[in-house]
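Visitor: when you get a sec, could you give me coordinates for this:
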Amino acid sequence: MPVEFTILPERGLVVVRYSGNVAIEDTLAATKAYLSHPEYSAGQKQLVDMSGITGFEKDHVQFMKMQAEKAERLANSGLQSLVVYIAPTAISQDMSAMFVRSWADVDAVVPLVQHTEAEALGLLGQSEKSIDILLATLAK
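Guide: Now for the predicted structure:
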């Protein structure tokens with residue numbers, strides 16, 4: 001699956017990992033699954049790892065439609081969510097830039113882009129230096 005997520009309710013955080021060639025439908029499916037998950041909570045911080053992306057669908061009309069739907073849900077929550085994208089490669093930076101631009105007029109989302117996992121985790125108040133370490137410490 002090109003988009004997977006893990007909710008860490010005790011940290012108020014969801015970790016999203018993209019891999020391979022990503023279609024807009026992949027993001028839509030993951031978003032719907034996340035929003036219907038029993039551990040979903042409005043206002044959860046999001047760590048979005050785009051380092052595994054090899055390509056992505058560049059249908060800007062469909063992308064903006066998807067983001068508008070997501071923005072409406074988030075705006076209706078009355079809470080603000082910090083979203084930190086990890087984008088170390090040119091392709092991941094292109095994709096994260098699309099997401100950041102789409103949130104420009106949405107007060108409910110604060111998007112930031114970082115090049116490393118450690119930087120992104122630090123912005124989210126996590127002491128671990130990598131996502132694998134974060135997930136491993138929670139599995140204990």
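Visitor: next, work out how far apart residue 8 and residue 124 are.
Guide: 10 Å (C-beta to C-beta, to the nearest Å). Bear in mind the C-beta positions are built from the backbone N, C-alpha and C, glycine included.
Visitor: can you tell me what sits against stretch 27-40?
Guide: With contact meaning C-beta atoms under 8 Å, 6 or more residues apart in numbering, stretch 27-40 is reached by 1, 3, 4, 5, 7, 9, 14, 16, 66, 70, 73.
Visitor: and residue 125, what element?
Guide: For residue 125, there is no enclosing helix or strand under DSSP states H and E.
Visitor: what pLDDT does it get?
Guide: Looking at residue 125, its pLDDT is 95.
Visitor: next one: phi and psi at it?
Guide: Here is the backbone geometry of residue 125 (degrees, to the nearest 10): phi 80, psi 20.
Visitor: what of residue 53?
Guide: Phi and psi for residue 53, reported as degrees, to the nearest 10, are phi -70, psi 130.
Visitor: does the spatially most central residue of the chain sit in a helix or strand, and which one?
Guide: In the chain, the residue lying closest to the centroid (C-alpha atoms, centre = their mean) is residue 48, at 3.4 Å. Counting by DSSP H and E, the element that carries residue 48 is strand 45-56.
Visitor: quick one: strands adjacent to that strand?
Guide: strand 13-22 (parallel), strand 81-86 (parallel) (DSSP bridges).
Visitor: list the buried residues of the longest one.
Guide: Neighbour-count burial for strand 13-22 flags 13, 14, 15, 16, 17, 18, 19, 22 (criterion: 16 or more other C-beta atoms under 10 Å).
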